[in-house]
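Participant: I need the structure of the sequence given here:
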Amino acid sequence: MNVDPLLAGYVLVLSRATVGLAFALSAAGKLRDPKAFREAVAGLRLVPSGWSAATAAGVLATEVAIVVLVTFGGPALLLGFVVAVGLLAVFSGALVMTLRRGVIISCNCFGPDERSLSPYDVVRNLLLVGCALAGLWAMRAPRESLAGLEVVLTTMMAVSLVVLVTNVHDVLPTLRRPFRPVNG
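Facilitator: All right, here's what the predicted structure looks like:
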């Protein structure tokens, strides 16, 4: 398969920025109210109650590590994407198990939130997994480096993508509504 090296360059920058920003927002939200995140971990009832605080701290440390790894790149970039895929897979599995058990709880994925856990949280994680996998693909493809303005514009696209993905619980239901033209 012949891949355009410029496309691979764009995909890599977009993936790095999207994964890094998503995990930075997630970690920042948890740091704003660590107690709420510890309580959310306990409320999922997936780890023994005595392990909730350690699990919450481990998740937070891993999220910060992902941000550092994808930001600084180089040899660490591969590890950053792999850890991101792994952590998102664990998160998705935990969310699916919690949903299947019918536990009503807030995700607190990006900080304290009144919204109950829903399948949209799993969709968000799977979209981010896809982004990290795209980054892994782009790392292996022959690629061109982007110029400064291209990096800035691609990073702005990543910001838009993160806003879209982190609000998927509002976006998807809106897109599913039938279109009704406005009569003027």
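Participant: Check which helices and strands the lowest-mean-pLDDT helix or strand in the chain sits against.
Facilitator: Least confident element among the helices and strands of the chain, by mean pLDDT, DSSP states H and E: helix 168-176 (a mean of 80). Using 3 or more Cβ pairs under 8 Å, 6 or more residues apart in numbering; DSSP states H and E, the elements in contact with helix 168-176 are helix 119-140. Backbone N, C-alpha and C define where each C-beta goes, glycine included.
Participant: helices or strands next to the helix it packs on in the packing?
Facilitator: helix 5-32, helix 76-100, helix 148-166, helix 168-176.
Participant: how many degrees apart are the longest one and helix 119-140 in direction?
Facilitator: With axes from the mean of the first three to the mean of the last three Cα atoms, to 10 degrees as the basis, helix 5-32 and helix 119-140 are set at 140 degrees to each other.
Participant: Between its first and last residues, how far does stretch 144-153 reach?
Facilitator: 16 Å (Cα to Cα, to the nearest Å).
Participant: ok so, going back, give the buried residues for the least confident helix or strand of the chain.
Facilitator: Buried positions in helix 168-176, judged by neighbour count with 16 or more other Cβ atoms under 10 Å: 168, 169, 171.
Participant: ok, now stretch 8-26?
Facilitator: So, applying 16+ other Cβ under 10 Å, buried residues of stretch 8-26: 8-26.
Participant: Could you work out the end-to-end span of stretch 37-50 for me?
Facilitator: 15 Å.
Participant: Contacts for that stretch, please.
Facilitator: If you take Cβ atoms under 8 Å, 6 or more residues apart in numbering as the criterion, stretch 37-50 is touched by 30, 52-53, 55-56, 59-60, 94, 97-98, 101, 103, 105-108, 111.
Participant: Look up how far residue 77 lies from residue 71.
Facilitator: 9 Å (Cβ to Cβ, to the nearest Å).
Participant: Low-confidence ranges, this structure, go.
Facilitator: 1, 184 (pLDDT under 70).
Participant: Adding distance to residue 123, write the helices and strands packed on helix 119-140 out as JSON lines.
Facilitator: Converted to JSON lines, the helices and strands packed on helix 119-140 look like this (distance: least, Cβ to Cβ, whole Å):
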{"stretch": "helix 5-32", "distance to residue 123": "14"}
{"stretch": "helix 76-100", "distance to residue 123": "9"}
{"stretch": "helix 148-166", "distance to residue 123": "9"}
{"stretch": "helix 168-176", "distance to residue 123": "5"}
